[in-house]
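1. missing the sequence, but the structure's below:
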């Protein structure tokens, strides 16, 4: 039985003009993991606040914008699956390897990420690059924090103890701002042979992008010029694609790196979704879908370059 046949309201029709090669690869990977892409898509992407199709936008000269949106959406779906897992762990305190503060922190961050990703998606389709740039920077910081919570339980405890806006601001200043959470994650990844030291190509690329995104946070001539005319240029214009590309890479990194440094999370996933249990597709996607997202990360960073002409250098 083909559990992934196209249906009138299914996944395929929402990405008119997508690369046939990419679509075939995506479908093949989902089928290999015995996961229902249409079901996951309907429960995660179609229910996003402000969900919009590409209907009404002019045809693009190539498949690049639609390819980006499709990969972005699947990253969003994985974040939603991780949010569901975190919620399940919070509702079963003491049953998992992750401590309660880590599960609560992960639930809070992934809930925030879901809203941020929905906002970037809506803004990118509308061609509003400057606000999308602002939110993409927040997405990057939240990805770093989510990974750091898996690495450092004391950090998760401090995060869970924030009780006021002042506490939250102080936590952010001490543990996240200025790349602090990223450095903690980079140190953990280094133990597994992944070198993201300050002089690496990836870190230099990351800093350049964050500086570019940061120019939109505060009013300035540079920030305004970077996205000047983006709204008039139409949906998924080049500046909006920059934001979509960076946000997609960061979500794919959250998936990939959690597989490397998140041993406790992986153990909890195995316990929550035992082999053969088909009752909760989100739990199964969080557990078995990492290979799908990681393969898309290879495709995005290996077969094509970023819109700015620079690849991320993450996967070779």
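-> Structure received. As the structure is a prediction and not an experimental result, all values here were calculated from the model.
2. quick one: residue 280 from residue 269, how far?
-> Distance of residue 280 to residue 269, given as C-beta to C-beta, to the nearest Å: 11 Å. For every residue, glycine as well, the C-beta is placed using N, CA and C.
3. More neighbours: which of these two?
-> residue 269 (24 against 15; other C-beta atoms under 10 Å).
4. Not counting residues beside it along the chain, what's closest to the more buried one?
-> residue 287 (4.3 Å; C-beta to C-beta, 6 or more residues apart in numbering).
5. so the one you found makes contact with residue 268?
-> No: taking contacts as C-beta atoms under 8 Å, residue 287 lies outside contact range of residue 268: 9.6 Å.
6. distance of residue 16 from residue 195?
-> To residue 195, residue 16 is 41 Å away according to C-beta to C-beta.
7. oh sorry, the question was meant for residue 96
-> Taken as C-beta to C-beta, the span from residue 96 to residue 195 is 31 Å.
8. Which one of the two is surrounded by more residues?
-> Taking residue 96 and residue 195 together and counting by other C-beta under 10 Å, residue 96 has the greater number of neighbours (21 against 11).
9. Backbone dihedrals for the more buried one, please?
-> phi -120, psi 180 (degrees, to the nearest 10).
10. Could you verify my assumption that it touches residue 271?
-> Yes: Residue 96 lies in contact with residue 271 (C-beta under 8 Å); the separation is 6.7 Å.
11. Between its first and last residues, how far does stretch 254-272 reach?
-> Terminal residues of stretch 254-272 are spaced 20 Å apart (C-alpha to C-alpha, to the nearest Å).
12. immediately after the helix or strand containing residue 104, which helix or strand?
-> Using DSSP states H and E, residue 104 maps to helix 100-126. Next helix or strand after helix 100-126 toward the C-terminus (DSSP H and E): helix 129-151.
13. For the helix or strand following that next one, which residues meet the burial criterion?
-> Toward the C-terminal end, the helix or strand that comes next after helix 129-151 (DSSP H and E) is helix 153-160. By neighbour count with 16 or more other C-beta atoms under 10 Å, helix 153-160 contains the buried residues 155-160.
14. and of these, the nearest to residue 29?
-> Set against residue 29, the nearest of these by C-beta to C-beta is residue 156 (31.9 Å).
15. residue closest to the middle of this structure?
-> Central residue of the chain (C-alpha atoms, centre = their mean): residue 251, 2.1 Å from the mean position.
16. ok, and the closest non-adjacent residue to that one?
-> The shortest distance from residue 251 to any non-neighbouring residue, by C-beta to C-beta, 6+ apart, is to residue 75 (3.6 Å).
17. The one you found: helix or strand, and which one exactly?
-> Here residue 75 sits within helix 64-90, counting by DSSP H and E.
18. With residue 269 instead?
-> With elements taken from DSSP H and E, the one containing residue 269 is helix 263-272.
19. from the middle of its chain, how far away would that helix be?
-> 20 Å (C-alpha atoms, centre = their mean, to the nearest Å).
20. so what's residue 176 scoring on pLDDT?
-> Looking at residue 176, its pLDDT stands at 92.
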